[in-house]
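Visitor: okay, predicted coordinates and the sequence, questions at the end:
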Amino acid sequence: MAKEKSVYVCTECGGTSPKWLGKCPSCGAWNTLIEQASSPAPTGGGQNRFGTQFAALAGASELAVLSEIEASDVARTPTGLDELDRVLGGGIVAGGVTLIGGDPGIGKSTLLLQAADALQNAGQLALYVTGEESGAQVAMRARRLGLERSQVQVMAEIQLEKIIATLDANRPAIAVIDSIQTVYSDQLTSAPGSVAQVRECAAHLTRFAKASGTAVVLVGHVTKEGALAGPRVLEHMVDTVLYFEGDTHSSFRLVRAIKNRFGAVNEIGVFAMTERGLRGVANPSAIFLSQHSEPVPGSVVLVTLEGTRPMLVEIQALVDDGGPSPRRLSVGLERDRLAMLLAVLHRHAGVACMDQDVFVNAVGGVRITEPAADLAVMLAIASSLRGKPLPKGFIAFGEVGLAGEVRPAPRGQERLKEAAKLGFSVAIVPKANAPKKGAIEGLTIHAVERIEQALDAVRGLE
């Protein structure tokens, strides 16, 4: 009996190799090739010089002129969870495919069960397919969430063909697949969770969603680095990719959209985990601000922008005497950017931290990725080094360049209005972000063009 041929498939990119290699020849990842049985080649048809087989030549498809294609805004169905609707762009879209990933126990299944129940109560048929739990376990979670009378239909199944047949027979408005790594197809010999199974099962579910109009939500596992497990092509297949983030020591959770074909990206929804499940946080700025009875050195409030939502986050800095190798550590901000800002602070403002340990933290576990945090970080470092607090009700934002210039941040007026609404009274902002027509009530604004001007303005406020 002839030995069954096998190939080695990369778990990162899905690339194949006829033999095992330490490094994937397609994406360059190390130790990611696993052995799988090769699929038999299709029979019949001719074969060209690239090895592609054709049963017959297909006819040409019709072409359409872009300007003549009728296009209208897609209809959205609210999920009943305002924060989730914000991230999705207003609600679920018929035929849309959403992929949501997060750490184990973060609350993915809880959130989707709550959303499915809210849609079911609104008259939309919801189907929850669980591959990791039994129906009884899902029912127990529903009881804990206060959903004793939920009419959501539950199916405990992991075989793809049975799942699609059930979906086709019932045609629900939304179908949750928890999770895509547990689903397998009989057409493939590899185990559930392998690259081939995840790719093919997601492709079949995506085609079904587009053909039937059912909105499909896929729950995905994440790797130890925090990225979605499986081939990267999985993120390209779907319409929306959401990441569920949060600190295990905190009750707050963030849902972040990194891809959305039907709405804005980089939107976030803020939830609080309670005994009755996840609840939306209407004013997320409050959870990212520490409660100080009096101003303390090294603390500056930053107005950051997450998607279309301005949020206030406290930036804390601690500068202390260091040894022969001073440390630069940051939590929630890029460490390389911190080193760059310290160099700019020394060169253009005369604030030297060469022999000091510098620690910077964004309160609440939030991650700041935009450069508009530069000015707040530098003012916090200068405040901690001098040991003098900034005035009460003080905020700052702005990008700082290598030449010491303070550049404007996008949508500066919205940031200032959000700060004024929450009772802040003093702001140092880039000159281009200062209001051009009229002042913002209750907010004194100091517009600066360079970092040394910002430090002089702070000294004038003391």
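Guide: Looks like it came in fine.

Visitor: count the residues that sit near residue 331.
Guide: The local packing of residue 331 (other CB atoms under 10 Å) involves 13 other residues. All C-beta spots, glycine's among them, are computed from the backbone N, C-alpha and C.

Visitor: look at residue 51 and report its pLDDT.
Guide: Per-residue confidence at residue 51 stands at 45 (pLDDT).

Visitor: try residue 126
Guide: 96.

Visitor: so it bridges to which residues?
Guide: Beta-bridge partners of residue 126, counted by DSSP bridges, are residue 174.

Visitor: and if you look at residue 268?
Guide: Applying DSSP bridges to residue 268 gives these bridge partners: residue 256.

Visitor: that one contacts residue 254, doesn't it?
Guide: Yes. Here residue 268 reaches residue 254: they are 5.3 Å apart, a contact under CB atoms under 8 Å.

Visitor: please put the alpha-carbon coordinates of stretch 322-331 into CSV.
Guide: Presented in CSV, the C-alpha positions along stretch 322-331 are these (Å, rounded to 0.1, in the frame of the first residue of the first chain):
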residue,chain,number,x,y,z
GLY,A,322,18.7,56.2,38.5
GLY,A,323,21.9,54.2,38.5
PRO,A,324,24.6,53.9,35.9
SER,A,325,22.0,52.6,33.4
PRO,A,326,18.8,54.6,33.9
ARG,A,327,15.6,52.9,32.8
ARG,A,328,12.8,54.1,30.5
LEU,A,329,9.6,52.2,31.1
SER,A,330,6.1,52.9,29.8
VAL,A,331,2.7,51.2,30.2
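
Visitor: check which residues of that stretch are buried.
Guide: 326, 328, 330 (16 or more other CB atoms under 10 Å).

Visitor: so between residue 268 and residue 254, which is more surrounded?
Guide: residue 254 (24 against 21).

Visitor: how about the contacts made by the more buried one?
Guide: 244, 245, 246, 268, 269, 270, 271, 366 (CB atoms under 8 Å, 6 or more residues apart in numbering).

Visitor: switch the cut-off to 7 Å
Guide: Contact analysis of residue 254 by CB atoms under 7 Å, 6 or more residues apart in numbering lists 245, 246, 268, 270.

Visitor: nearest to residue 434 among these?
Guide: Of all the contacts of residue 254, residue 268 has the smallest distance to residue 434: 27.3 Å, by CB to CB.

Visitor: ok, that closest one touching residue 256?
Guide: Yes. Counting by CB atoms under 7 Å, residue 268 does reach residue 256; the two are 4.9 Å apart.

Visitor: just the closest of the buried residues of stretch 322-331 to residue 187, please.
Guide: residue 330 (48.4 Å).

Visitor: after the one helix or strand the closest one maps to, which helix or strand is next?
Guide: Applying DSSP states H and E as the criterion places residue 330 in strand 328-331. On the C-terminal side of strand 328-331, the nearest following helix or strand under DSSP H and E is helix 335-349.

Visitor: return that following helix as CSV; C-alpha atoms alone will do.
Guide: Extracted in CSV, the C-alpha atoms of helix 335-349 (Å, rounded to 0.1, in the frame of the first residue of the first chain):
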residue,chain,number,x,y,z
ARG,A,335,8.6,52.9,24.8
ASP,A,336,10.6,54.0,21.7
ARG,A,337,8.5,57.2,21.5
LEU,A,338,9.2,57.9,25.1
ALA,A,339,12.9,57.8,24.5
MET,A,340,12.5,60.2,21.6
LEU,A,341,10.4,62.6,23.7
LEU,A,342,13.1,62.7,26.4
ALA,A,343,15.7,63.6,23.8
VAL,A,344,13.5,66.4,22.5
LEU,A,345,12.8,67.6,26.0
HIS,A,346,16.6,67.8,26.7
ARG,A,347,17.6,69.4,23.4
HIS,A,348,14.9,72.0,23.0
ALA,A,349,13.6,72.7,26.5
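
Visitor: who are the packing partners of that helix?
Guide: Other elements packing on helix 335-349 under the criterion 3 or more CB pairs under 7 Å, 6 or more residues apart in numbering; DSSP states H and E are strand 328-331, helix 374-386, helix 451-461.

Visitor: the longest one packs against which elements?
Guide: In terms of contact count using 3+ CB pairs under 7 Å, 6+ apart, helix 374-386 is assigned the packing partners strand 299-306, strand 309-321, helix 335-349, strand 394-396, strand 399-400, helix 451-461.

Visitor: now the top helix by length along the chain: buried residues?
Guide: Secondary structure of the chain per DSSP state H: the longest helix is helix 195-212. Neighbour counts over helix 195-212 (16+ other CB under 10 Å) mark 195-202, 204-206, 208-209, 212 as buried.

Visitor: same deal with stretch 93-111?
Guide: By 16+ other CB under 10 Å, the buried positions in stretch 93-111 come out as 93-103, 106-111.

Visitor: what's the first-to-last distance across it?
Guide: Start-to-end span of stretch 93-111 (CA to CA, to the nearest Å) is 18 Å.

Visitor: for stretch 177-190, same thing?
Guide: End-to-end for stretch 177-190, by CA to CA: 20 Å.

Visitor: tell me how far it is from the chain's mean position?
Guide: Chain-centre distance of stretch 177-190: 25 Å, with CA atoms, centre = their mean, to the nearest Å.

Visitor: pull out the buried residues from that stretch.
Guide: Those would be 177, 178, 179, 180, 181, 182, 183, 184, 185, 188, 190, for stretch 177-190 by 16+ other CB under 10 Å.

Visitor: and those residues as JSON lines, adding secondary structure, pLDDT and distance to residue 171?
Guide: Conversion of the buried residues of stretch 177-190 to JSON lines gives the following (DSSP: H, G, I helix; E, B strand; the rest coil; pLDDT from 0 to 100; distance: CB to CB, whole Å):
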{"residue": "177", "secondary structure": "strand", "pLDDT": "97", "distance to residue 171": "16"}
{"residue": "178", "secondary structure": "strand", "pLDDT": "93", "distance to residue 171": "20"}
{"residue": "179", "secondary structure": "coil", "pLDDT": "89", "distance to residue 171": "22"}
{"residue": "180", "secondary structure": "helix", "pLDDT": "95", "distance to residue 171": "21"}
{"residue": "181", "secondary structure": "helix", "pLDDT": "93", "distance to residue 171": "25"}
{"residue": "182", "secondary structure": "helix", "pLDDT": "94", "distance to residue 171": "23"}
{"residue": "183", "secondary structure": "coil", "pLDDT": "95", "distance to residue 171": "19"}
{"residue": "184", "secondary structure": "strand", "pLDDT": "94", "distance to residue 171": "23"}
{"residue": "185", "secondary structure": "coil", "pLDDT": "93", "distance to residue 171": "21"}
{"residue": "188", "secondary structure": "coil", "pLDDT": "83", "distance to residue 171": "26"}
{"residue": "190", "secondary structure": "coil", "pLDDT": "80", "distance to residue 171": "30"}
